[in-house]
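Visitor: Quick check, what structure comes out for this input:
(one chain, ligands or ions: 1)
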Amino acid sequence: MCTHDDAPLSEGSIEGDEVVCPWHAATFNLKTGKCTGPPADADVTTYPVRVVGNDIEIEL
Ligand code: FES
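Guide: Okay, the predicted model is just below:
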């Protein structure tokens, strides 16, 4: 969820290494979760991910 107003970042667009929020266009680095563009000003949480065969594993 976007840290600005809880938009679903899964519905955002990908531009290079960033996801662009679908509501007000804040940007976040996909690998680190760092907020890279306003209007959001807080980072999002990221989790370690790996691909094992046909599965995607996320460490929570
Ligand atoms: S909800 Fe994402 S920028 Fe506003």
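
Visitor: Stretch 34-50 and the ligand, are they touching?
Guide: Yes - interface with the ligand: stretch 34-50 contributes P39, A40 (CB under 6 Å from any ligand atom). The C-beta positions use only the backbone N, C-alpha and C, and glycine is treated the same way.

Visitor: Okay, buried residues for stretch 2-19 please.
Guide: Burial within stretch 2-19, assessed by neighbour count using 16 or more other CB atoms under 10 Å, is assigned to C2, T3, H4, A7, L9, G12, E18, V19.

Visitor: how about the strands in this protein?
Guide: For the chain, applying DSSP state E gives strands covering 13-15, 18-20, 27-29, 35-37, 49-52, 55-58.

Visitor: Contacts for the first one next, please.
Guide: Read it as strand 13-15. Defining contact as CB atoms under 8 Å, 6 or more residues apart in numbering, one finds that strand 13-15 is touched by V19, V20, P22, T27, L30.

Visitor: and the residue lying closest to T46 once chain neighbours are set aside, how many neighbours does it have?
Guide: Counting by CB to CB, 6 or more residues apart in numbering, T46 lies nearest to G33, which is 4.0 Å off, once chain neighbours are set aside. G33 sits with 16 neighbouring residues when counted by other CB atoms under 10 Å.

Visitor: related to what we said a few turns ago, quickly name whichever of the contacts of strand 13-15 is closest to P39.
Guide: For the contacts of strand 13-15, the minimum distance to P39 (CB to CB) is 10.4 Å, reached by T27.
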